[in-house]
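S.K.: no sequence on this one, just coordinates:
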């Protein structure tokens, strides 16, 4: 894609989302050859064209199903296993939310093992994966279908997260190491808007930790609301995070999510209003990835929610960097459509398996 910038007044400029599209002939066009202008919004999202979004849906459908079991618990959280500074957990202008969500899932799995073995919890360096995923070898390896990968700051998914780590020997770098703190937040001086400015050689890899082979699996949520809630709760009960890949149908859906994040009264977010709509990549459609790390369920739609860890730092009203997502009444099989490339999943629920 080629991009120009449209500044939308009234919005604080921190992130970028595609909007306004035409081909060289002047006709409206979707797909990887589209020419879109960028609308500036409050927080960064993944710039995902319809072809890539549909490819991610197909990849998700092909994943092994996670056997979660069932649960009737009412409150649970795995947040204590995520070692992070909430204000510093901020992707800012880099659209690498998939790295942050995957890292949260891996951090939780790793730190439970470390606790059981009497070892201190660690935080995982998101910068390390960003730098590795920006090398020519990795970008070229995943540039074709289904990933259409251009670099970590332009989007990815949990399957790609696992594959990149596996290609690097299944090792993680502690976030406290020199140069391992996230440095790709500001993109104004980036040589490539999709890639990191930080070479892997600038990061101290002392104390790398072997974590085992990684793979993504899908949580089965297609059997109705009760089954979906039970499967997701059972996954959290078992000490796992659930990575949620979200595709927003258009700019209005993005703006709604953004306003909820910025709200002072902590409302609960739901994608239901845009389920069934067309994925309009040139009308502000975008992707985002987050991690469910807990829940509360009192049996009512108003009092039940998933606790979701975001990667947009904190606000005065979100000191832990989390928000609430609707639990009861949620469309767990939320689907969007693409005129040219078929179905696009509005929500995908996945877990990260950590092998020996």
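M.R.: Alright, I've got the coordinates. Values in this document were obtained by computation on a predicted structure and should not be read as measured data.

S.K.: for residue 347, give me the pLDDT.
M.R.: With respect to pLDDT, residue 347 scores 97.

S.K.: residue contacts, it?
M.R.: Neighbour list for residue 347: 244-247, 271, 331-334 [criterion: CB atoms under 8 Å, 6 or more residues apart in numbering]. Backbone N, C-alpha and C define where each C-beta goes, glycine included.

S.K.: go through these and flag which are in strands.
M.R.: In strands, defined here by DSSP state E, the members of those are 244-247.

S.K.: dump the residue contacts of residue 247.
M.R.: Residue 247 makes contact with 48, 53, 279, 285-287, 336, 344-347 under the criterion CB under 8 Å, 6+ apart.

S.K.: ok, so of the contacts of residue 347, who is nearest residue 115?
M.R.: Of all those, residue 115 sits closest to residue 244, with 25.0 Å by CB to CB.

S.K.: which residues does that closest one bridge with?
M.R.: Judged by DSSP bridges, the bridge partners of residue 244 are residue 290, residue 349.

S.K.: might one say that it is in contact with residue 291?
M.R.: Yes. With contact defined as CB atoms under 8 Å, residue 244 counts as touching residue 291 (7.1 Å).

S.K.: where do the contact lists of these two overlap?
M.R.: Joint contacts of residue 244 and residue 291 (CB under 8 Å, 6+ apart) are 101, 308.

S.K.: these two: which is more packed in?
M.R.: Between residue 244 and residue 291, counting by other CB atoms under 10 Å, residue 291 is the more crowded of the two (29 against 22).

S.K.: so who does that one touch?
M.R.: 101, 104-105, 241-244, 308-309.

S.K.: in CSV: these, plus pLDDT and secondary structure.
M.R.: Below are these laid out as CSV (pLDDT from 0 to 100; DSSP: H, G, I helix; E, B strand; the rest coil):
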residue, pLDDT, secondary structure
101, 97, helix
104, 96, helix
105, 96, helix
241, 96, coil
242, 97, strand
243, 98, strand
244, 98, strand
308, 97, strand
309, 97, strand
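
S.K.: let me know the closest of those to residue 121.
M.R.: residue 104 (13.0 Å).

S.K.: count the residues that sit near that closest one.
M.R.: For residue 104, the neighbour count with other CB under 10 Å is 30.

S.K.: how much space between it and residue 97?
M.R.: Per CB to CB, to the nearest Å, residue 104 is found 11 Å from residue 97.

S.K.: what's the nearest residue to residue 319 if we skip its chain neighbours?
M.R.: What sits nearest to residue 319 in space, not counting adjacent residues and going by CB to CB, 6 or more residues apart in numbering, is residue 86, at 6.5 Å.

S.K.: actually residue 115, not the one I typed
M.R.: Per CB to CB, 6+ apart, closest to residue 115 is residue 121, 6.8 Å.

S.K.: what does residue 103 give?
M.R.: Using CB to CB, 6+ apart, the closest residue to residue 103 is residue 124 (4.8 Å).

S.K.: how about that neighbour, what does it touch?
M.R.: 103, 106-107, 110, 172-175.

S.K.: likewise residue 289?
M.R.: By CB under 8 Å, 6+ apart, residue 289 lies in contact with 46, 97-98, 100-102, 157-158, 243-246.

S.K.: for the nearest residue to residue 180 once chain neighbours are set aside, give its distance to residue 277.
M.R.: The shortest distance from residue 180 to any non-neighbouring residue, by CB to CB, 6+ apart, is to residue 125 (3.8 Å). Using CB to CB, residue 125 is found at 37 Å from residue 277.

S.K.: wait, doesn't residue 263 sit right on residue 317?
M.R.: Yes. Using CB under 8 Å, residue 263 makes contact with residue 317 at a distance of 7.1 Å.

S.K.: quick one: mean pLDDT for stretch 216-227?
M.R.: For stretch 216-227, the mean per-residue pLDDT is 94.

S.K.: likewise for stretch 133-143?
M.R.: In this model, stretch 133-143 has a mean pLDDT of 95.
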